[in-house]
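K.L.:
Build me a model:
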Amino acid sequence: MNQVDSSFVGKDGVKIYAKKDIITNPKANVVIVHGICEHLDRYDYLTEKLNNAGYNVYRYDARGHGRSEGVKGDLSDYQDYLIDLDTYINLVKEEHPNLKLILLGHSMGGLVATSYASTFNDKIDYLALSGAANVTPKQARALKFLPMFLIKKIKYKNNLGDGVCSDKEVVEKYNNDPLVLKEATMGLMKNVFIGGCGLVKDNIKRINVPTIVMHGKGDGIVEASTAEWTYNNLEVEDKELKIYDGLYHEIFNEIQKDVVIEDLINWLNKRVEG
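P.N.:
Model prediction:
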């Protein structure tokens, strides 16, 4: 396999850091969208497994995250995330015009992937969601009633650490990772969890590609009921829901991660190879 660091220019000239892991004779391309406050390197293990199963993997740091430009932990418009993703997907499709494309999103990245699939529904072939934050969480609902100009620069401390995984080693690495954001603005929170979730609510029925919805039953960051809502509101015929007992938010980093990843790969293989 061949790993290449790269970048592309997102909306408003923001430089977005990206990485691609390319193999010989791939079955398809997977584009990964990471969650809030994290970065693409946290998907190294999943990338390795996908490569070994025959898939190219493309991933990038969202604007304001990781090694990408943009105000750290901030977002001025939710559409910026969708435009950046569309720009990247277009680049991937230019490199491999004959390969099918799987969009895989985790947490906030799952929300971005879901809203992308519902509004750019001719660009991807399959959708895979992990802990997708598609419903406004209870703690963010009040943001709907607070004017953006009053709250946009107020900082929100990242206290997700203990909830990301039941594996204490993963939690420790998360908390000590210099590329994991330690805070984010309330502007980002409102744009994502009010604007983004509202977009999904209004458009989810437009998704027209096979979709797998995966979630940890013990997820205390995004409730498993969100996965059930997503599955129940999808009108595409080919859809599957997998909720894992005992697993927390980051199912691809859990102690039982190999089982979860195998389920994902088996689901993809049946469709890509079939």
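
K.L.:
got the residue ranges for the strands in the stretch 51-200 of the chain?
P.N.:
55-60, 100-106, 126-130, 155-157, 183-185 (DSSP state E, counting those that start in this stretch).

K.L.:
Any idea which of the ones you listed gets closest to Lys217?
P.N.:
Lys217 lies closest, by Cβ to Cβ, to one member of those: strand 126-130, at 13.4 Å. In short, each C-beta sits where N, CA and C put it, glycine included.

K.L.:
Could you name the helices and strands sitting against the closest one?
P.N.:
In terms of contact count using 3 or more Cβ pairs under 8 Å, 6 or more residues apart in numbering; DSSP states H and E, strand 126-130 is assigned the packing partners strand 100-106, helix 108-119, strand 211-216, helix 257-272.

K.L.:
and these as TSV, adding mean pLDDT and mean neighbour count?
P.N.:
What follows is the helices and strands packed on strand 126-130, written out as TSV (pLDDT from 0 to 100; neighbours: other Cβ atoms under 10 Å):
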stretch	mean pLDDT	mean neighbour count
strand 100-106	98	25
helix 108-119	97	26
strand 211-216	98	25
helix 257-272	98	16
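
K.L.:
Could I get the ones you listed in TSV, plus columns for distance to Ile22?
P.N.:
Formatted as TSV, those follow (distance: least, Cβ to Cβ, whole Å):
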stretch	distance to Ile22
strand 100-106	14
helix 108-119	21
strand 211-216	24
helix 257-272	17
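
K.L.:
my read: Tyr58 touches Ala28, true?
P.N.:
No - assessed by Cβ atoms under 8 Å, Tyr58 is found out of contact with Ala28, at 11.2 Å.

K.L.:
neighbour-wise, which of those two wins?
P.N.:
Taking neighbours as other Cβ atoms under 10 Å, Tyr58 and Ala28 compare with Tyr58 leading, 24 against 20.

K.L.:
Please tell me how far that one sits from Ser107.
P.N.:
Separation of Tyr58 from Ser107 (Cβ to Cβ, to the nearest Å): 18 Å.

K.L.:
same check, this time on Val57
P.N.:
Distance of Val57 to Ser107, computed by Cβ to Cβ: 18 Å.

K.L.:
Kindly report the same for Val33.
P.N.:
Computed with Cβ to Cβ, the distance linking Val33 and Ser107 is 9 Å.

K.L.:
For Gly161, which non-adjacent residue is closest in space?
P.N.:
Spatial nearest neighbour of Gly161, chain neighbours left out: Asn175 (4.6 Å); criterion: Cβ to Cβ, 6 or more residues apart in numbering.

K.L.:
do the same with Gly198
P.N.:
Excluding the flanking residues, the one nearest Gly198 by Cβ to Cβ, 6+ apart is Thr136, at 7.9 Å.
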